[in-house]
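J.: 3D model of this:
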Amino acid sequence: MDKALTITTIPPAKEIHEEDRLLSPEQRQHAYQMFSKFLNKEGYRVTSERFKVLEAVLDMKGHFNADELYATMVTNKTRTSRATVYSTLELLEKSEVIFRHNFRSDCSYYEVRFDEPHHDHMICVSCGHISEFVLPQLMDIRKQVAENSGLNVVDHSFQVFAECDDPNECPHNK
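T.: So this is what the prediction gives:
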């Protein structure tokens, strides 16, 4: 007989805010080292443009897409091509500096990979606002579900798609 997963009352999740996402100088240095090591190991050219993109990525707060990153770089007068931004994002993902997410949209969203503990996402289908939260019980649930199936968890992605109470009055929709 299959073991059923029983969920009892769960305390509220801790929401992660932008101010929680500031990287320390040590984390930034670690990102540079990871990326540099990856480029050298995999035989990619180490260019100043790629590191300009990395710097811009580390300055972004929360989730961003490639076009938002490029627009920010143009606004900050950082000269690089859109193609370099896109190709460098792929390399940053391969080097495990950033995560790539698909939140049911036409484009991928990215976030720095090592700036906080594992977290999950709630995405508003009306305004597109992405909230992050940490719920330790999800780690226990994923482990129990995997064990019941004879598997070992290597990672998980939990996304909740919700809707604003009143989309017309949503502060993120303005």
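J.: Might you list the low-confidence residue ranges for this protein?
T.: 1-21, 103-104, 114-117, 133, 155-156, 159-160, 172-174 (pLDDT under 70).
J.: residue nearest the centroid of it?
T.: residue 111 (3.1 Å; C-alpha atoms, centre = their mean).
J.: Scan the protein for its longest helix.
T.: Looking across the chain with DSSP state H, the single longest helix is helix 25-42.
J.: need the next SSE after it, C-terminal direction.
T.: Heading C-terminal from helix 25-42, the first helix or strand you meet, by DSSP states H and E, is helix 48-59.
J.: got the angle between that next one and helix 25-42?
T.: Angle of helix 48-59 versus helix 25-42, following axes from the mean of the first three to the mean of the last three C-alpha atoms, to 10 degrees, is 140 degrees.
J.: Helices of this structure, residue ranges please.
T.: Counting by DSSP H, the helices of the chain are 25-42, 48-59, 66-75, 82-94, 136-148.
J.: how about the last one: buried residues?
T.: It stands for helix 136-148. Across helix 136-148, burial judged by 16 or more other C-beta atoms under 10 Å covers 138, 141. Just so you know, the C-beta spots here come from the backbone N, C-alpha and C atoms, and that holds for glycine as well.
J.: Please tabulate the helices of the chain in TSV, including the columns distance to residue 171.
T.: As requested, these are exported to TSV (distance: least, C-beta to C-beta, whole Å):
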stretch	distance to residue 171
helix 25-42	30
helix 48-59	24
helix 66-75	19
helix 82-94	29
helix 136-148	27
